[in-house]
Structure formats: structure tokens, C-alpha cells
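Engineer: Show me the folded form of this:
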Amino acid sequence: TPMFARSFLLASVFSAPIHAHLLCTSLSLFASSSNFNRPMSPNASNEQDPKRMKLDKTSPSQPTLTDSLMFLSTICGSLKNIKRLGWVRMGVPLPESDADHMHRCAMCAMLVTTQEPDPRDDYGGDNERFHPSKIDGVKLLRMALTHDVCESIAGDVTPFCDAGVVASKYDNEKAAMEEIRKIVGDPLGGELYNLWKEYEELMTPEALYCKDIDKFEMVMQAYEYEKINLKAFIN
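Structural biologist: Okay, the predicted model is just below:
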């Protein structure tokens, strides 16, 4: 049965002494959460309601093991299924997921904070704060890796979506991050929320770097799709 298969899989990867506790908790989660038993369509994420996820927790308290597993599966797992809506609208075959996008953003963050800057870059005057040596590399990496995690609940939105959807984007994503914070609990839940808020406000060098990385990764992905699907892009 599916439950037996899950039990066997979990038993094979968890080692003592945490084996029994983690296995029992995991099976309880699988049995009680409809999210684990309902297959997701490739674009279901783009139709999600920010209030879809019903939680027993009302505050971001210290997370339980069940909370952590729910975060890894329901939140992080769904990001692997959410197809980036801009590419879906363009009819790109096998479009990248949110998880794909954020992974390469994280790689970019590691590069820009560990390599010597281009000598042609101007870091004089007010620009000094943008010198790579002045950037908090750990914060930038964590921000790049999680900046779209809200879309696991709020869904992806582009400027070409319905005007009402675009207008409510920030509020929906804020509500989603509050829900995610409740799921994962503090301190990580608080960090995820604050990283998202800082990214949205674009008031710090790290947030501005992350926004540029987000756009750069999109341009790089467009170039790669163009090489594969040149005719479609020209049309």
C-alpha cells in the first residue's frame, strides 16, 4: 500500500536512535495531511489561494518535528512544482520552477560576494556601500535562496496578470509569509519573514543585490530558452 511504501522508505533512510521517533512522527503527518495524498498539477500553484492552508497554530511558536516536515514538504516541495508563470505564458516547453530559479540565484549570490569585482566598476562615493566586500554574503545567500518562498502559497504573479491580482500581490505574499512563519516557527520563521520584507522594501545593499540577481537570472534563463526555442521567441 502507499502507506507501507512510505513506511519502508522512511525506515530505510532514518538511522537509530532517531529512527522510531522520526518514523512515527512522519507517518502521523502523512496520514493527517491531505497535501501529501493529493497530487499537484504542474500549474496548480499559480491558482493557489493565500488562505488555502489551514493551520492549527496561531503564532510562530517553537516548531515541532511535524511542523518542520510540513515546511519541507508542503512549502519547499511545492516550490519544485510551481512553474514560473512568465515562461508558462510564453508557451515555453518544460518551464523552470520557482526552486530552479532560486537555486541559481543563490549560486549568483555566492559568486558576487566571493570574487574580485570588475575593475571597471565604480565604487567611489556613495557607491562604496555596494562594494562586494561590504555586502553581508550570508544574508544575501539566504535571501536569494528564499526570496520567492511566499509563492508556495500566494502563487506566481507577473505584471501581465489581471490588474486586481497584480494590485493585491504584496498583501497576498505578506499573508503567505505570515502563514509560513507559523508553520516553520521561530527563529527560522522570523528570519524568512524578515528576509522577504527586506527584499520587498529594497532599502539595503543586500536587497538591491538580490533584486539585480533575480533579474539577471531571468535574463540568463531567457537567453537559454531562446537558444532552444528561437523561432517561438522571434514570433
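Engineer: in the longest helix along the chain, what's buried?
Structural biologist: Secondary structure of the chain read by DSSP state H shows that its longest helix is helix 205-228. For helix 205-228, the neighbour count (16 or more other C-beta atoms under 10 Å) marks Pro205, Glu206, Ala207, Tyr209, Cys210, Ile213, Asp214, Glu217, Met218, Gln221, Tyr225 as buried. C-betas here are computed from N, CA, C, even on glycine.
Engineer: For the residue lying closest to the last one once chain neighbours are set aside, give me the pLDDT.
Structural biologist: Counting by C-beta to C-beta, 6 or more residues apart in numbering, the nearest residue to Tyr225 once its immediate chain neighbours are dropped is Val92, at 5.4 Å. At Val92 the predicted local distance difference test score is 91.
Engineer: what about Val92, neighbour count?
Structural biologist: Val92 has 20 neighbouring residues, counting by other C-beta atoms under 10 Å.
Engineer: One more: Thr113?
Structural biologist: Thr113: 19 surrounding residues under other C-beta under 10 Å.
Engineer: How much space separates it from Asp136?
Structural biologist: 8 Å (C-beta to C-beta, to the nearest Å).
Engineer: next one: Pro95
Structural biologist: Relative to Asp136, and taking C-beta to C-beta, Pro95 is found at 32 Å.
Engineer: which one of these two has more residues nearby?
Structural biologist: More crowded of Pro95 and Asp136, by other C-beta under 10 Å: Pro95, with 19 against 14.
Engineer: circling back to that earlier point, identify the residues contacting the longest helix of the chain?
Structural biologist: 86-87, 90, 92, 96, 101, 104-105, 108-109, 112, 129-130, 134-136, 139-140, 143-144, 147, 198-202, 233 (C-beta atoms under 8 Å, 6 or more residues apart in numbering).
Engineer: Could you rerun that using 7 Å?
Structural biologist: Counting contacts by C-beta atoms under 7 Å, 6 or more residues apart in numbering, the residues outside helix 205-228 that touch it are 87, 92, 96, 101, 104-105, 108-109, 112, 129-130, 134-136, 139-140, 143-144, 147, 198-199, 201-202, 233.
Engineer: Would you list the buried entries among the residues you listed?
Structural biologist: Burial by neighbour count, judged by 16+ other C-beta under 10 Å, picks out 87, 92, 96, 101, 104-105, 108-109, 112, 130, 135, 139-140, 143-144, 147, 198-199 from the contacts of helix 205-228.
Engineer: What separation do you get for the nearest residue to Leu192 once chain neighbours are set aside and Tyr199?
Structural biologist: With C-beta to C-beta, 6+ apart as the measure, Thr146 is the residue that lies nearest to Leu192, at 5.8 Å, once sequence neighbours are left out. Plainly put, Thr146 is 9 Å away from Tyr199 if you go by C-beta to C-beta.
Engineer: Same check on Lys174?
Structural biologist: As judged by C-beta to C-beta, Lys174 and Tyr199 stand 12 Å apart.
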